[in-house]
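A.B. asks: The sequence and its predicted three-dimensional model are supplied below.
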Amino acid sequence: MLIICLWVSLAMSCTGITGYHYRTQNKLQAKGREQTTLLRRRVLDLQHYPRRQDDGYHQPEHPHFNNTHFCPIQEMEQSGARLVDEEDYPWIARVVHGRPFKEIMAPLICTAAAIDKEIFITAARCIATAKAEFTTVLYLNRQIGVKAFIFPVEPSKQMFDDVGLIVTWAPWQNKTIHYEIINLPKNPRPDDNSYYFFEDLVDTKAKTSTLIGFIELEESPGTHKLYKLENMHASNRICNEIYPMTKNSDDYWAPCVHFCSPEEHDMNSETCRRYLLGLGHMVVDEQTNELIGIVTWTCANSAPDRLSRDRLPMPLGVAVPNRKTLKIDKNCADMLTNDKMPHTQLTRGYYRHLCMDMY
């Protein structure tokens, strides 16, 4: 089941998920503070937890996929990332809280990517508490109003580890936009409770994985800069090897990317001190223009936490846009895109009823 958030204020249909999101986020923040303490202690005591050898280090049969401590990304920072031109990545977009054409387009909520005409993909966490009427997508130097959001509503880690779709209005005054899109993974995941597929997905792309996303300048909130970091390390192992305090823990077996290998992280390698933090940042294979994952969470990556670890950042959790139901979500988005009902005539629940038969 999905929740669709409408553009019209009175037609907003997010109350159920918004309540869940806030209740859960409070727990996450409390858990995050506890986890921060554990992480500080663990990094200081790494010598007491020697790394296991690669042979025999396999994903457990029943990993803890439903961890509740997948912390929100509160920072938007970079160190060692390369500033790039938005024109070089014509599928990239920004999601901003505010109506189109306001004087300062801020605050920046997250990064998004075009996957079809008037349809963008981002982290579900980004739009879980947003209102479509007060959201703008900045794409190819255009400000585009949002028609609806589509995202999962199941009360599990998936709310914070999955993707959401943004359906935008057609350009005003019959102006046309040539949409450049990024390719989604070709093969759907076998099921929603396993991430074995992720290892196969990144094995052939490890040398070409790039993290790219926008950062809002603190001194100029309406200014958004696009950065990228190359040679990212991605696997199900990285978060499991670095995050848990307990040796041989089954926690944090989930798709993650890091700025260096786990071995380099343990050795406090200077390579590990580069980072690019921001919700919705895209992990892509630049050679094939394929979207590998979308950054949705991280823990203990605030400036004080990094300072306590001698500036060492922590890995980033990603959502992989290949769950089976994503195709249904995309079909729903297509239907909303093709619907020509003027926004002045929309009624409460209109878009939700358009897609009801799909689910």
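C.D. replies: Perfect, thanks for sending it. Numbers count the residues shown, from 1 in each chain.

A.B. asks: looking only at pLDDT, what's the mean for stretch 334-351?
C.D. replies: For stretch 334-351, mean pLDDT is 87.

A.B. asks: Thr296 touches Gly317, doesn't it?
C.D. replies: Yes. The pair Thr296 / Gly317 is scored as a contact, 5.7 Å apart, by Cβ atoms under 8 Å. Yep, even glycine has a C-beta here, placed from its N, CA and C like the rest.

A.B. asks: just the CA coordinates of stretch 349-359, formatted as CSV?
C.D. replies: The C-alpha coordinates for stretch 349-359 follow below in CSV (Å, rounded to 0.1, in the frame of the first residue of the first chain):
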residue,chain,number,x,y,z
GLY,A,349,-8.2,12.0,-2.3
TYR,A,350,-8.5,12.5,-6.1
TYR,A,351,-5.0,11.2,-7.0
ARG,A,352,-5.2,8.4,-4.5
HIS,A,353,-8.3,7.0,-6.2
LEU,A,354,-6.7,7.2,-9.6
CYS,A,355,-4.1,4.6,-8.5
MET,A,356,-6.3,2.6,-6.1
ASP,A,357,-6.9,-0.3,-8.5
MET,A,358,-3.1,-0.8,-9.0
TYR,A,359,-2.6,-1.8,-5.4
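
A.B. asks: For that stretch, which residues meet the burial criterion?
C.D. replies: The neighbour-count check on stretch 349-359 (16 or more other Cβ atoms under 10 Å) flags 350-352, 354-355 as buried.

A.B. asks: Likewise for stretch 299-319?
C.D. replies: Neighbour-count burial for stretch 299-319, counted by 16+ other Cβ under 10 Å, picks out 299-302, 305-306, 308-309, 312-319.

A.B. asks: one step back: kindly indicate which of the buried residues of stretch 349-359 lies nearest Ser235.
C.D. replies: Within these, distances to Ser235 taken as Cβ to Cβ reach their minimum at Cys355, with 35.0 Å.

A.B. asks: returning to what we had before: which ones among the buried residues of stretch 299-319 map onto strands?
C.D. replies: Those of these mapping onto strands are 316-319, per DSSP state E.

A.B. asks: Now render those as a markdown table, adding distance to Trp172.
C.D. replies: Formatted as a markdown table, those follow (distance: Cβ to Cβ, whole Å):
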| residue | distance to Trp172 |
| --- | --- |
| Leu316 | 36 |
| Gly317 | 37 |
| Val318 | 34 |
| Ala319 | 32 |
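
A.B. asks: mind putting the residues you listed in a markdown table, pLDDT and distance to Leu279 included?
C.D. replies: Putting those into a markdown table (pLDDT from 0 to 100; distance: Cβ to Cβ, whole Å) gives the following:
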| residue | pLDDT | distance to Leu279 |
| --- | --- | --- |
| Leu316 | 92 | 10 |
| Gly317 | 90 | 11 |
| Val318 | 90 | 11 |
| Ala319 | 89 | 11 |
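
A.B. asks: Tell me the one among those nearest to Arg125.
C.D. replies: Of these, the one sitting nearest to Arg125 (Cβ to Cβ) turns out to be Ala319, at 8.8 Å.

A.B. asks: shouldn't that closest one be in contact with Val163?
C.D. replies: Yes. Counting by Cβ under 8 Å, Val163 is a contact partner of Ala319 at 5.0 Å.
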